[in-house]
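**Q** What would the 3D arrangement of this be:
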Amino acid sequence: MLSHEDALALFERRRRAWLDGDLDGYLALWPMHAEPLRGRDAFAELVGRSLATARPVRFDLEHLAVWGDVVLAEWCIAIERRGSSRQVEWRGMSVAEMRDGRIAAWREYWNPAALT
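**A** Residues are numbered from 1 along each chain as shown. Next comes the predicted model:
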């Protein structure tokens, strides 16, 4: 069973990689991505496009709960759009199913209207 400390360490690795724009470190947390993406290359392209258009500014973990091998995390993220320098902030919730210290399945809930 996943411990709270292990879950917190994983989310800290995700947060740090995202804030540093470390695509390889970020991708290392996922062995593969389910539909609609197929494979690491498609996921790398998605994350790479995101990092090319927005600079990560902040990633605050607000709550974290562990239930078996499932981690529930509430967070607040801020980015700066490249080109316009406009900052955007939004809150969300992630559900991560863990296997062997990596993310085996991921769902994320947030309001896309916050990104406009």
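**Q** how close does the residue most central in space within the chain get to A28?
**A** For the chain, R14 is the residue whose C-alpha lies nearest the centre (CA atoms, centre = their mean; 6.0 Å). Using CB to CB, to the nearest Å, we find R14 at a distance of 10 Å from A28. The C-beta positions use only the backbone N, C-alpha and C, and glycine is treated the same way.
**Q** Equivalent analysis for W90, please.
**A** Counting by CB to CB, the gap from W90 to A28 is 25 Å.
**Q** again with I79
**A** With CB to CB as the criterion, I79 and A28 are 21 Å apart.
**Q** do R40 as well
**A** To A28, R40 is 10 Å away according to CB to CB.
**Q** same question, G101
**A** Applying CB to CB to G101 and A28 gives a distance of 10 Å.
**Q** Which one's more surrounded, these two?
**A** A28 (15 against 11; other CB atoms under 10 Å).
**Q** Name all residues that make contact with that one.
**A** A17, R102 (CB atoms under 8 Å, 6 or more residues apart in numbering).
**Q** From I103, how far out is it?
**A** 10 Å.
**Q** same question, A17
**A** Counting by CB to CB - A17 and I103 are separated by 12 Å.
**Q** what do you get for L46?
**A** 15 Å.
**Q** No more questions from me, cheers.
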